[in-house]
Structure formats: structure tokens, C-alpha cells
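1. Sequence and computational prediction follow.
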Amino acid sequence: MTASSHGKKGRQREESNHRRSLLPHHNDRTDLQGPFPGEVGPAVLLGHVDTRTGPAVLARLRELRPQDLITTTHSDGTHEKFLVQRVEKVAKTSFPTAEVYGATGHAELRIITCGGAFDHQARSYADNVIVYASLQQTGT
């Protein structure tokens, strides 16, 4: 899996103290929360699994398995490789906020999309699919 960061590595961003749980308005890209991939802490990528018309950017996220590699690439050409540690499906009502967003002391990656049963009335999935990965390599 390959992910892109449109920001420049190391750039500071302004954020409120409250984490947004909203997904990006675009179905073809992810939203980054937290540090940029490769920086200390959990870089969190959020994206849609599908749309009314078909698959979206994270449609195949649930196919990742432990030991798979994820490469993130920045607009300046630098990249990182992250090793998948685990993939979980959790109820949205039991979202592990501290585990996803909490301090790590080293560079980690979280990728989150929807999963599980789809509630047609609510137009929402019951669960989230969360990938946890740790930094293995950086480079150009």
C-alpha cells in the first residue's frame, strides 16, 4: 500500500485540542491527523472505504495483514516504510481513542476507514477498520 502526504515533512500545523472524527470530503484521498508520517507520534490517516457509486481510497484496507509494508511518500520525494503490526475491526461505539491518538515515543502510522455491517437507514457503517504500523525505514 502506498500513501501520499501533500505537506512538507516537518511543517507545523495548527490544530485545535479536540480531535475531529470527520472523514475527508473527498473520496480519492485521505486526511492526515497528528504528525506527518515518519515524525515521532502516531500519524493518523482517515479515508472512505466506499461511496454510493463504488470503492473509495481505502476500499482494500481490510486486506492488509501483519508484516505487510506500507510506503508513505511526501511531496518532496522523501518516503517511509511502515510495517503492519495488526489490523482490527472495532465498533464505532468502542473506538480506542487513546490507543490510536496517544503518544508513542516513536514514529507510527494508523490508517482508519469504515467497515462491518452497513446501516442503510443511518447511511453509516457500524465499525471502523484500524491498521497499526511502525516505522521501519526512511529515505528518498
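-> On my side now, so go ahead. Numbers count the residues shown, from 1 in each chain.
2. contacts and neighbour counts: CA atoms only from here.
-> Will do.
3. so for stretch 54-61, what's the average pLDDT?
-> For stretch 54-61, mean pLDDT is 92.
4. List the buried residues for that stretch?
-> 56-59, 61 (16 or more other Cα atoms under 10 Å).
5. Could you give the separation of the helix or strand that contains residue 70 from the chain centroid?
-> Using DSSP states H and E, residue 70 maps to strand 69-74. Centre-to-centre, strand 69-74 and its host chain are 12 Å apart (Cα atoms, centre = their mean, to the nearest Å).
6. After that strand, which helix or strand is next?
-> strand 79-91.
7. quick one, helices of the chain?
-> Counting by DSSP state H, the chain has these helices, from start to end: 97-101.
8. pLDDT below threshold where in it?
-> By pLDDT under 70, the low-scoring segments of the chain are 1-26, 140.
9. for it, what's the longest strand?
-> Counting by DSSP state E, the longest strand found in the chain is strand 124-139.
10. can you pull the contacts of the residue of the chain positioned farthest from its centre?
-> Distance from the C-alpha centroid of the chain, by Cα atoms, centre = their mean, peaks at residue 121 (26.4 Å). Contacts for residue 121 (Cα atoms under 8 Å, 6 or more residues apart in numbering) come out as none.
11. Repeat that for the one 10 residues further on.
-> By Cα under 8 Å, 6+ apart, the contact set of residue 131 is 61, 64, 84-88, 109-112.
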